[in-house]
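Trainee: give me a 3D structure for the following:
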Amino acid sequence: MDINSASSVVLQALTQATSQDTAVLKPAEEQLKQWETQPGFYSVLLNIFNNHLLDVNVRWLAVLYFKNGIDRYWRRVAPHALSEEEKTLLRAGLITNFNEPVNQIATQIAVLIAKVARLDCPRQWPELIPILLESVKVQDGLQQHRALLTFYHVTKTLASKRLATDKKLFQDLASGIYSFACSLWNHHTATFLQQVCSGDEAAAINSLERTLLSLKVLYNGAVFDTRAPAPASPSGRRVGPSSACREKLEKTIILYTKVLLDFLEHHPCPFIPLIQRSLEFAVSYVFTEVGEGVVFERFIVQCMNLVKMIVKNDAYKPAKNIEDSKPESLEAHKIKMAFFTHPTLTEIGRRLVSHYFLLTEEELAMWEEDPESFAVEETGGDSWKYSLRPCTEVLFLDVFHSYSQTLTPVLLEMVQNLQGMLLTAVISSSLMTVYNAVGLAAYELFDNVDFDLWFKNHLLAELQVSHHSYKLIRRRVIWLIGQWISVKFKSELRPLLYEAILGLMQDPDLVVSCCPKKNNPVTYLNATSPVDDFEFRTEQFLPYLESIFGLLFQLLQQVTECDTKMQVLHVISCVIERVNIQIRPYVGCLVQYLPLLWKQSEEHNMLRCAILTTLVHLVQGLGAESKNLYPFLLPVIQLSTDLSQPPHVYLLEDGLELWLVTLENSPSITPELLRIFQNMSALLELSSENLRTCFQIINAYTYLSATEFLQNYAEGLCRSFCELLKDITMEGQVQVLKVVEIAIKVSPHLGAHMFQPLLPDVFRGILDGERYPVVMSTYLGIIGRVLLQNSSFFSSLLTQMGAEFNQEMDQLLGGLIEMWVDRMDNITQPERRKLSSLALLSLLPSDNSVIQDKFCGIINVCVEALHDVMTEDPETSTFKDCMLMTHFEEPKLTDDEEPPTEQDKRKKLLALSDPVHSVSLQQCAYEKLKAQQLLMGEPGFQALMETVDTEIVRQLQEFLKGL
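Mentor: Numbers count the residues shown, from 1 in each chain. Predicted coordinates:
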């Protein structure tokens with residue numbers, strides 16, 4: 001593309017591409033797209049956006065096309081890559097001048113230069129950094145700013161490269177420019193302060209912009225160098241809230257603190273010389289009068305985080321054995337101990353509690369006007385890094401943990417001073433903050449606070465004060481109890497607490513947001529923490545269950561915020577989970593309401609997740625009665641586990657859990673419940689972390705109705721398993737094989753027939769001596785089931801494998817028995833060891849010479865299994881098979897035990913017909929040996945027994961005596 005002739009054509013196309021008329025716009029865009037791969041196109045674009053006389057929109061579009069072209073065509077290996085000659089000209093043209101008058105275009109040019117630098121600097125573009133360094137020194141304000149802006153984007157981009165060689169190159173670059181960047185920042189900062197003092201705001205704003213850019217350059221280099229900027233902050237006292245500089249100045253100060261925080265995080269040891277000055281800086285502004293009228297919220301958060309990171313940093317803590325400590329750790333620890341004196345810690349502790357824990361005017365207004373939003377506090381995660389209240393609480397916890405000996409008496413004194421005082425607005429606020437502190441430090445105060453006595457003598461009484469002005473304290477008291485209940489709270493006091501909670505929830509003043517000038521019972525939800533606690537006792541809670549559950553349900557209906565409904569549902573789920581079947585008389589209203597709530601939450605998938613969790617616990621609590629929920633429950637499961645439905649992204653995990661517990665508690669199969677399994681094929685193809693739950697669901701269907709389930713779905717399931725086994729971990733293989741084993745166990749004939757395509761691989765795995773013991777154990781379990789419970793199918797399988805291996809059936813059977821005996825130690829479960837013994841004994845009596853050759857091994861396996869399953873009666877000195885089950889008994893449960901599910905009952909009934917639990921191994925061995933003796937005659941049988949080790953024979957006779 002000839003530049004001179006093409007410029008006007010490209011300019012016209014760009015002009016048309018800025019049109020609002022699609023008839024003009026679309027053809028222009030198509031034309032520009034075709035030119036993207038033409039040589040010289042980007043040189044034309046460079047000339048266009050460097051021409052300040054042209055329309056701004058046209059120049060803007062030219063910059064964007066150039067920038068996008070770098071990503072597509074700048075790399076040498078890219079299709080239609082730019083030639084090296086053109087790239088050389090473009091690099092030279094990009095840095096010939098830094099005088100772009102339009103800020104937005106200047107930023108885009110800086111970004112595209114940085115993109116080129118990422119690919120070419122410093123090897124193909126060594127002159128870039130020297131030119132930038134020279135350009136930021138010029139006196140022209142515009143050129144200096146644009147060069148500094150470009151310098152910032154280049155260093156930012158180069159710093160983001162992660163290959164070791166690239167990081168080393170940038171380290172060298174950062175070391176080279178660090179001193180210059182630091183002096184540049186100091187110069188612009190000093191200029192800004194002088195201009196602020198002289199009242200020249202316009203010039204001050206320009207200088208501040210340069211200060212910010214140079215600080216950003218400094219920030220990009222700081223984490224790669226071992227030096228850091230000296231802690232000094234532009235004074236905020238000379239810049240009032242209404243000043244034009246204020247916003248940008250705050251931005252600059254925050255970036256300054258970010259430099260310190262990130263440098264401390266990445267290079268704690270080089271930061272040690274700055275610990276003292278950083279602590280003095282942060283503590284003076286945040287915890288003394290120095291900061292009054294100057295500090296702003298984000299700055300306070302950053303300073304608190306700085307103190308927190310220094311206090312908590314592991315690199316600044318000496319080892320338990322001082323001699324093992326690094327010199328740097330000892331030095332840092334010494335600086336910290338010298339700074340955190342008793343007066344300093346006392347002031348920090350008091351200021352945190354009495355000043356920063358206070359509810360702000362905005363929070364109090366939210367309490368009154370929108371109590372639901374107030375109740376759903378933002379906590380957890382990394383919120384402490386950005387929000388003042390979580391930041392304050394995390395800092396308090398870390399400082400209190402590190403200096404508890406100093407701060408514990410201070411906090412206890414604050415509690416003592418407030419007890420019994422006449423309530424005023426000031427005292428109310430102080431109580432709130434002190435209770436907050438005591439709750440946060442519960443574990444640290446374990447040995448210093450008799451919480452049971454405090455609860456009985458003070459806190460319980462405060463919960464019962466119903467005056468409107470006491471609402472703040474009631475909320476904080478119940479939160480405080482929630483913090484302490486898992487730390488130190490006697491079990492016998494819980495009924496008193498339940499009564500107090502019930503009183504709070506029944507208080508006529510505690511209405512919901514439909515009456516916004518009153519308090520919201522949502523604020524008392526954390527009072528249910530006594531239910532979600534290790535020491536919870538169901539019998540203590542039952543007298544209050546009906547009332548509390550009813551009030552929770554009313555609350556669920558009344559609240560409107562999605563987050564609040566989720567919170568209430570969490571509490572309801574917790575209650576149902578803890579009381580289990582005791583909830584059955586009280587869930588009628590909830591069961592009727594949940595379908596409506598599900599429909600209303602169509603756009604709120606997280607609320608639907610909470611509903612699914614509630615349904616899981618509800619089904620577990622209702623047991624077989626959950627069948628009455630199927631008209632609502634089954635469509636919910638269908639939607640949640642259907643991968644073709646968009647909500648599955650949010651609902652799948654909880655939906656699968658609900659599916660599983662529904663099957664486990666189902667008394668019988670229904671056509672609708674069976675139909676949902678159509679979703680399973682796609683779920684197995686997904687091969688996600690939910691695969692284990694999918695296998696449990698398949699097993700649950702097998703236990704529930706093996707015949708209907710296998711006839712409808714086993715063929716497709718077998719295909720899915722064949723695909724899965726091609727690319728799955730050993731653990732996954734075992735899970736798949738266990739599903740097959742259970743199917744054969746529940747339905748020996750249908751299960752073996754339906755999963756027949758998988759069995760040759762199992763047989764082959766045994767003959768090949770599978771080296772993973774768990775997999776081999778599962779293989780032997782499957783073949784053992786087939787041999788013992790479906791011998792005709794085993795014969796056909798043996799015939800099939802004989803044809804495959806081109807061997808006689810007897811020869812193949814001999815190899816199978818030999819490997820089985822040899823790898824018996826791979827089987828660790830007593831049930832499977834007995835199964836193997838019964839399966840091998842089922843081959844007797846036999847006149848087959850191969851089986852008789854393996855007779856010794858069969859007897860060895862039998863005796864090993866007898867040792868596993870036989871117990872001796874000390875009175876009669878006779879042996880009994882401990883795995884035998886003769887009848888089904890409902891287990892007697894303690895209060896802490898959950899009742900058996902319907903699936904547990906099905907497993908017990910299945911065990912009654914399972915040979916492992918219905919056939920005596922001792923009796924079976926005796927009868928098989930007797931039959932073999934009759935078949936061979938006494939001489940032949942004795943010759944056969946002589947092939948067995950005499951000690952094994954003696955042990956066998958010991959087990960069989962008395963029969």
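Trainee: for the stretch 451-600 of the chain, which segments count as helices?
Mentor: For the stretch 451-600 of the chain, applying DSSP state H, counting those that start in this stretch gives helices covering 451-454, 460-463, 471-484, 494-506, 538-558, 562-579, 588-600.
Trainee: quick one, which of these gets closest to Leu910.
Mentor: Across these, Leu910 has its closest neighbour in helix 562-579 (27.8 Å, CB to CB). Backbone N, C-alpha and C define where each C-beta goes, glycine included.
Trainee: I'd like to know which elements the closest one is packed against.
Mentor: helix 371-375, helix 538-558, helix 605-622 (3 or more CB pairs under 8 Å, 6 or more residues apart in numbering; DSSP states H and E).
Trainee: could I get those as a markdown table with mean pLDDT and mean neighbour count?
Mentor: Converted to a markdown table, those look like this (pLDDT from 0 to 100; neighbours: other CB atoms under 10 Å):
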| stretch | mean pLDDT | mean neighbour count |
| --- | --- | --- |
| helix 371-375 | 67 | 22 |
| helix 538-558 | 86 | 16 |
| helix 605-622 | 94 | 22 |
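Trainee: now the ones you listed as TSV including distance to Gln143?
Mentor: Conversion of the helices and strands packed on helix 562-579 to TSV gives the following (distance: least, CB to CB, whole Å):
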stretch	distance to Gln143
helix 371-375	50
helix 538-558	65
helix 605-622	52
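Trainee: can you list the helices of the stretch 451-600 of the chain in TSV and add distance to Leu841?
Mentor: Output for the helices of the stretch 451-600 of the chain, formatted as TSV (distance: least, CB to CB, whole Å):
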stretch	distance to Leu841
helix 451-454	64
helix 460-463	69
helix 471-484	61
helix 494-506	57
helix 538-558	48
helix 562-579	46
helix 588-600	53
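Trainee: closest to Gly621 out of those?
Mentor: helix 562-579 (4.9 Å).
Trainee: average model confidence for the closest one?
Mentor: The average of the pLDDT scores along helix 562-579 is 87.
Trainee: CA atoms of it as CSV?
Mentor: The C-alpha coordinates for helix 562-579 follow below in CSV (Å, rounded to 0.1, in the frame of the first residue of the first chain):
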residue,chain,number,x,y,z
CYS,A,562,-33.3,-11.8,48.6
ASP,A,563,-30.2,-11.9,51.0
THR,A,564,-32.5,-11.8,54.0
LYS,A,565,-34.6,-14.6,52.8
MET,A,566,-31.4,-16.6,52.2
GLN,A,567,-30.3,-15.9,55.8
VAL,A,568,-33.7,-17.0,57.2
LEU,A,569,-33.7,-20.2,55.0
HIS,A,570,-30.2,-21.0,56.4
VAL,A,571,-31.5,-20.8,59.9
ILE,A,572,-34.6,-22.9,59.1
SER,A,573,-32.3,-25.5,57.4
CYS,A,574,-30.1,-25.6,60.5
VAL,A,575,-33.0,-26.1,62.8
ILE,A,576,-34.5,-28.9,60.6
GLU,A,577,-31.1,-30.6,60.4
ARG,A,578,-30.5,-30.6,64.1
VAL,A,579,-34.0,-31.8,65.2
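Trainee: confirm that Arg675 sits in a helix.
Mentor: Yes - per DSSP: H, G, I helix; E, B strand; the rest coil, Arg675 lies within a helix segment.
Trainee: which helix or strand contains Leu929?
Mentor: For Leu929, the host element (DSSP states H and E) is helix 921-945.
Trainee: picking up where we left off before, nearest to Ser846, of the helices of the stretch 451-600 of the chain?
Mentor: Using CB to CB, those put helix 562-579 closest to Ser846, at 55.4 Å.
Trainee: tell me how far that closest one is from the chain's mean position?
Mentor: Put simply, helix 562-579 sits 21 Å off its chain's centre (CA atoms, centre = their mean, to the nearest Å).
Trainee: what's the angle from that helix to helix 605-622?
Mentor: 20 degrees (axes from the mean of the first three to the mean of the last three CA atoms, to 10 degrees).
Trainee: helices of the stretch 51-200 of the chain, residue ranges please.
Mentor: 56-73, 84-94, 103-120, 128-135, 141-159, 164-198.
Trainee: again but with the stretch 301-450 of the chain, I slipped
Mentor: So, for the stretch 301-450 of the chain - with DSSP H, counting those that start in this stretch - the helices run 327-339, 342-351, 361-369, 371-375, 388-402, 404-418, 425-440.
Trainee: nearest to Asn712, out of those helices?
Mentor: Closest among the helices of the stretch 301-450 of the chain, once you apply CB to CB, is helix 371-375, at 47.5 Å.
Trainee: and the helix or strand following the helix holding Leu929, what other elements does it pack with?
Mentor: Remark: after helix 921-945, the chain's next helix or strand is helix 950-960, criterion DSSP H and E. Packed against helix 950-960 by the contact rule (3+ CB pairs under 8 Å, 6+ apart) you find helix 855-869, helix 921-945.
Trainee: looking at those, which one is packed in the most?
Mentor: helix 855-869 (a mean of 21; mean count of other CB atoms under 10 Å).
Trainee: follow-up on the earlier one: give me whichever of the helices of the stretch 301-450 of the chain is most buried.
Mentor: Greatest burial across the helices of the stretch 301-450 of the chain, using mean count of other CB under 10 Å, falls to helix 371-375, with a mean of 22.
Trainee: tell me which of the helices and strands packed on helix 562-579 lies nearest to Gln31.
Mentor: Here helix 605-622 is closest among the helices and strands packed on helix 562-579 (CB to CB), at 44.4 Å.
Trainee: residues in contact with that closest one?
Mentor: 562, 565-566, 569-570, 572-573, 576-577, 579-581, 583-584, 587, 590-591, 594, 597-598, 601, 626, 628-629, 633, 636, 640, 647, 649-651, 654-655, 657-658, 661-662, 665, 898, 901 (CB atoms under 8 Å, 6 or more residues apart in numbering).
Trainee: hang on, the earlier thing: mind checking which of the helices of the stretch 451-600 of the chain is nearest Leu960?
Mentor: helix 538-558 (49.6 Å).
Trainee: for the closest one, the distance to its chain's centre please.
Mentor: Using CA atoms, centre = their mean, the offset of helix 538-558 from its chain centre is 31 Å.
Trainee: now swap in stretch 212-222 and tell me
Mentor: Distance, centroid of stretch 212-222 to centroid of chain: 34 Å (CA atoms, centre = their mean).
Trainee: which of the residues in it are buried?
Mentor: Neighbour counts over stretch 212-222 (16 or more other CB atoms under 10 Å) mark 212-222 as buried.
Trainee: repeat for stretch 186-199
Mentor: Here stretch 186-199 shows 186, 188-189, 191-193, 195-196 as buried, counting by 16+ other CB under 10 Å.
Trainee: distance of Gly296 relative to Asn712?
Mentor: Quick fix: residue 296 reads Phe, not Gly. 67 Å (CB to CB, to the nearest Å).
Trainee: ditto for Asp382
Mentor: 49 Å.
Trainee: more neighbours: these two, which one.
Mentor: Asn712 (16 against 8; other CB atoms under 10 Å).
Trainee: quick check on that one: phi, psi?
Mentor: phi -90, psi -40 (degrees, to the nearest 10).
Trainee: quick check: closest non-adjacent residue to it.
Mentor: Leu674 (6.6 Å; CB to CB, 6 or more residues apart in numbering).
Trainee: thinking that neighbour is in contact with Thr707, fair?
Mentor: No - Leu674 sits out of contact with Thr707 when judged by CB atoms under 8 Å, with a separation of 11.3 Å.
Trainee: the two: which has the busier surroundings?
Mentor: Using other CB under 10 Å, the more surrounded residue of Leu674 and Thr707 is Leu674, with 16 against 13.
Trainee: could you tell me the per-residue confidence at that one?
Mentor: Reported pLDDT for Leu674: 96.
Trainee: next, work out how far apart it and Leu660 are.
Mentor: From Leu674 to Leu660 the distance is 15 Å (CB to CB).
Trainee: now swap in Leu551 and tell me
Mentor: Leu551 is 31 Å from Leu660, by CB to CB.
Trainee: isn't Gly751 right next to Lys745, touching?
Mentor: Yes - contact between Gly751 and Lys745 holds when scored by CB under 8 Å: they sit 7.5 Å apart.
Trainee: what about the two, which has more around it?
Mentor: When neighbours are counted by other CB under 10 Å, Gly751 and Lys745 differ, and Gly751 comes out ahead with 27 against 22.
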